[in-house]
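Q: Just a sequence and a predicted model for now, questions to come.
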Amino acid sequence: MSQAEFRRLYDTVFPILYRVAFRIANNEEAAEDLCQDAFFRLFEKNMNFPSPDDAKYWLIRVVKNAALNYVKRKDKEKKAYQKAFREETRAMETGETEVIKKESKADVQEALKKLPENLRIVLILKEYAEMNYKEIGRMLGISEGNVKVRVFRARERLSSLLQETVEPPQGVQNVS
């Protein structure tokens with residue numbers, strides 16, 4: 001792959017990779033590092049692909065897997081830290097709107113984490129990487145119809161998980 005081809009690939013694919021990595025890892029610096037590492041691996045191995053799309057799909061797979069590993073590692077570190085120091089993590093409250101925004105983002109992230117991996121990945125690729133059904137199917141090795149079903153199911157489950165966090169349990173009245 002020539003330098004010009006590599007640069008063109010980097011310029012077009014990096015934003016997509018970053019969105020995927022950020023939505024999985026929920027950390028800007030980590031997302032950037034994961035994307036850079038993927039491109040470094042591509043460059044270091046001097047890999048050639050039949051088309052730029054094949055390179056794009058390979059990079060997305062590498063970043064997706066690296067981000068999932070990053071999240072698992074961070075969760076283990078967090079649990080070990082909390083166990084060792086018996087501390088709770090608390091968000092700093094600087095204002096009502098900021099708190100509400102953070103809670104909403106946290107609710108969505110938590111709900112995403114509760115989705116099975118096969119549903120979570122297609123939803124992240126569809127919504128945050130802005131990939132179409134055909135691209136997702138090709139990347140994951142499943143049919144376009146299967147991708148549509150998984151995206152639908154993921155949205156439905158995410159919606160019900162978010163409703164559970166908003167609505168009080170049955171029998172409990174919301175008094176305002």
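A: The structure has been received and is ready for your questions.
Q: ok, Lys134 to Asn26 distance?
A: Noted for Lys134: a distance of 28 Å to Asn26, by C-beta to C-beta, to the nearest Å. Placement of C-beta: from N, CA and C, glycine included.
Q: again with Tyr70
A: Applying C-beta to C-beta, the value for Tyr70 to Asn26 is 10 Å.
Q: domains for this structure, by residue range?
A: Under the assignment named as automatic domain parsing, the residue ranges that make up the domains of the chain are 1-89, 91-176.
Q: Among the ones you listed, show the one with the smallest mean pLDDT.
A: Set side by side, the domains of the chain show their lowest mean pLDDT on domain 91-176, which sits at a mean of 78.
Q: Just the element for the residue lying closest to Arg41 once chain neighbours are set aside, please.
A: Excluding its sequence neighbours, the residue lying closest to Arg41 (C-beta to C-beta, 6 or more residues apart in numbering) is Val62, at 6.5 Å. Val62 is part of helix 52-85, with elements assigned from DSSP states H and E.
Q: again with Asn48
A: When secondary structure is defined by DSSP H and E, Asn48 falls outside every helix and strand.
Q: Strands along this structure, start to end?
A: When assigned using DSSP state E, the chain turns out to have no strands.
Q: out of Lys134 and Asn26, which sits in the busier spot?
A: For the pair Lys134 and Asn26, the greater number of neighbours falls to Asn26 (18 against 11), based on other C-beta atoms under 10 Å.
Q: so what's the more buried one closest to, chain neighbours aside?
A: Nearest to Asn26 is Gln109, by C-beta to C-beta, 6+ apart, at 5.7 Å.
Q: Count the residues that sit near that neighbour.
A: Neighbouring residues of Gln109 were enumerated by other C-beta under 10 Å; the total is 13.
Q: residue contacts, Thr12?
A: Pro52, Lys56 (C-beta atoms under 8 Å, 6 or more residues apart in numbering).
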